[in-house]
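Novice: How does the following fold in three dimensions:
(2 chains)
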Protein chains: 2
Amino acid sequence: MLYQFTVPQFIKMLSNLNAILDKAEVFAAAKKIDAEVLLQSRLAPDQFNFIRQVQIACDTAKLAASRLTGKEAPTHADTEKTLPELKARIASTITYLEKFTAQDFAESATRHISQPRWEGQYLTGEEFAQHHALPNLYFHITTAYSILRHNGVEVGKKDYLGKMPFKK
Amino acid sequence: MLYQFTVPQFIKMLSNLNAILDKAEVFAAAKKIDAEVLLQSRLAPDQFNFIRQVQIACDTAKLAASRLTGKEAPTHADTEKTLPELKARIASTITYLEKFTAQDFAESATRHISQPRWEGQYLTGEEFAQHHALPNLYFHITTAYSILRHNGVEVGKKDYLGKMPFKK
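Specialist: Just a heads-up that it's a prediction; the model follows:
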C-alpha cells in the first residue's frame, strides 16, 4: 500500500500539474503576455516562484521514490526558465517514477530514511511518506496552482485532482 | 496502513492549521487590523475565502473518516465568522477524529465509497483515500495557508508540515 499511496499518486499529480501548465500557456497566448511573467510569479515576496514550486514538486516525488527504495535518482540542474523546459522536467520525473513497481517497495515501510539537514535523525519509510513526502508534494503542487489561479489562469480544483477511477 | 495515512495525519494537519490561525491572530493584533479581513480574504475573486477553506478542510477529514468506516459524522452548520469560531470548528473535528482506531479501518480499503454528486459511481476505500481525501485535505490546508501568507502573515512551510517524528 505504501507504493499505491506514493508512486501512482505522484505520477497522477505531476500529470495534472502538466495539464495546468498547458492552461497557463493558453492563458498567456490569449492575453498576449510572455509566459515568463507567470513563471516568475509568487504569492509573497519571500516565497519561491512558480518555477521553483514545480521543480520542488518534481524533486519531492523523485527523491521520495528513490529514498523509499534505495534506488538512485537522476539529477536535475534546476535551470528551467521556460514552460517547455518545465514540462520536460515533469516528463523526465514521470519517466523515472514509471520504472517503479510495488515490489520495489516491499521493504520500504521500515526502511530508515534520512536527509543531510536532519543531522543523523531518521524516519521510517512509512513515517517519511506520511509526514514528509505526501504533504510536501501536495503543498508544492497546490502552491503552483494557486500562483496561476491568483494571476487569472482559469484552473479549478478538478484540474488539481484529475480524474477519479470511478466504478459503477 | 489506511488508518495511518488518514486519521493521524488529519489530526496533525488540522492541529498545524490551528497553530497557523494563532499566527493570524497575532498578526492582526500587531497590525491593528480586524482579523475578519484575513478571514474574508481569497487569492482569486471566484475562489472560496479563508473561512470556507478551513471549513472544507475540516469536513474533508471528518467525512473521509466517516465514509471509510461507516460511522456517523457530526454535522456542522458552516456559520463560523470569527477566528475563535474557526478554532472551535477545528477542535470539534479533531475530537471526532480522535475517537477512531486502526481497528475501525479493518474493512475500509475495499469498502465502496460514494457521494451524491457521483451519481451512483463509487471508489474503493483505498482509492477514495488516495485520489480524493488526501489530495483534498492537503489542498485546502495549503490554500488557507497561502491566503494568509499572501496577506503578510509570517508562516513558513514548517508551520504547515508540523513536527516530524524523528528518531535517533
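Novice: Mind telling me which residue of chain A is nearest chain B?
Specialist: Of all residues in chain A, residue A:138 sits closest to chain B, at 3.4 Å by Cβ to the nearest Cβ. All C-beta atoms are positioned from the backbone trio N, CA, C, and that covers glycine.
Novice: Next up, phi/psi of that residue, please.
Specialist: For residue A:138, the backbone dihedrals are phi -70, psi -30 (criterion: degrees, to the nearest 10).
Novice: Do I have it right that it meets residue B:140?
Specialist: No - applying Cβ atoms under 8 Å as the test, residue A:138 and residue B:140 come out as separate, 10.3 Å apart.
Novice: buried ones in the helix or strand harbouring residue A:11?
Specialist: Here residue A:11 is covered by helix A:2-31, with elements defined by DSSP states H and E. Neighbour-count burial for helix A:2-31 flags A:2-14, A:16-18, A:20-21, A:23-25, A:27-28 (criterion: 16 or more other Cβ atoms under 10 Å in any protein chain shown).
Novice: now swap in stretch A:102-117 and tell me
Specialist: Here stretch A:102-117 shows A:104-105, A:108-109, A:111, A:113 as buried, counting by 16+ other Cβ under 10 Å.
Novice: What about these, which are in helices?
Specialist: Taking DSSP state H, every one of the buried residues of stretch A:102-117 sits outside helices.
Novice: Same list, those, but only the ones touching chain B.
Specialist: The subset of these within reach of chain B, by Cβ under 8 Å from any Cβ of the partner chain, is residue A:109.
Novice: ok, which pair from the buried residues of stretch A:102-117 is furthest apart?
Specialist: Maximum pairwise distance among the buried residues of stretch A:102-117 (Cβ to Cβ): 14.7 Å, between A:104 and A:113.
Novice: quick one: contacts for residue A:61?
Specialist: Residue A:61 is in contact with A:10, A:13-14, A:93, A:97, A:133, A:137, counting by Cβ atoms under 8 Å, 6 or more residues apart in numbering or on different chains.
Novice: Let's have those residues in TSV, adding distance to residue A:122.
Specialist: Below are those laid out as TSV (distance: Cβ to Cβ, whole Å):
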residue	distance to residue A:122
A:10	22
A:13	26
A:14	26
A:93	25
A:97	23
A:133	14
A:137	20
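Novice: sorry, back to before: touching chain B at all, the helix holding residue A:11?
Specialist: Yes - using Cβ under 8 Å from any Cβ, helix A:2-31 reaches chain B at A:2, A:4-5, A:8-9, A:12-13.
Novice: Who's the closest spatial neighbour of the residue positioned nearest the centre of chain A, skipping the chain neighbours?
Specialist: Centroid-nearest residue in chain A, with Cα atoms, centre = their mean: residue A:57, separated by 2.8 Å. Nearest residue to residue A:57 in three dimensions, chain neighbours excluded: residue A:140, at 4.0 Å (Cβ to Cβ, 6 or more residues apart in numbering or on different chains).
Novice: was I right about that neighbour contacting residue A:51?
Specialist: No - contact criterion Cβ under 8 Å: residue A:140 and residue A:51 do not qualify, at 11.5 Å.
Novice: how about the helices in chain A?
Specialist: Under the criterion DSSP H, chain A contains helices at A:2-31, A:35-39, A:50-69, A:83-97, A:125-127, A:134-150, A:157-161.
Novice: ok and the longest one relative to helix A:50-69, angle-wise?
Specialist: Direction vectors for helix A:2-31 and helix A:50-69, defined by axes from the mean of the first three to the mean of the last three Cα atoms, to 10 degrees, enclose an angle of 170 degrees.
Novice: Residue B:108 versus residue A:113, what's the distance?
Specialist: Distance from residue A:113 to residue B:108, counting by Cβ to Cβ, to the nearest Å: 26 Å.
Novice: Could you list the low-pLDDT ranges of chain A?
Specialist: For chain A, no stretch is flagged by pLDDT under 70.
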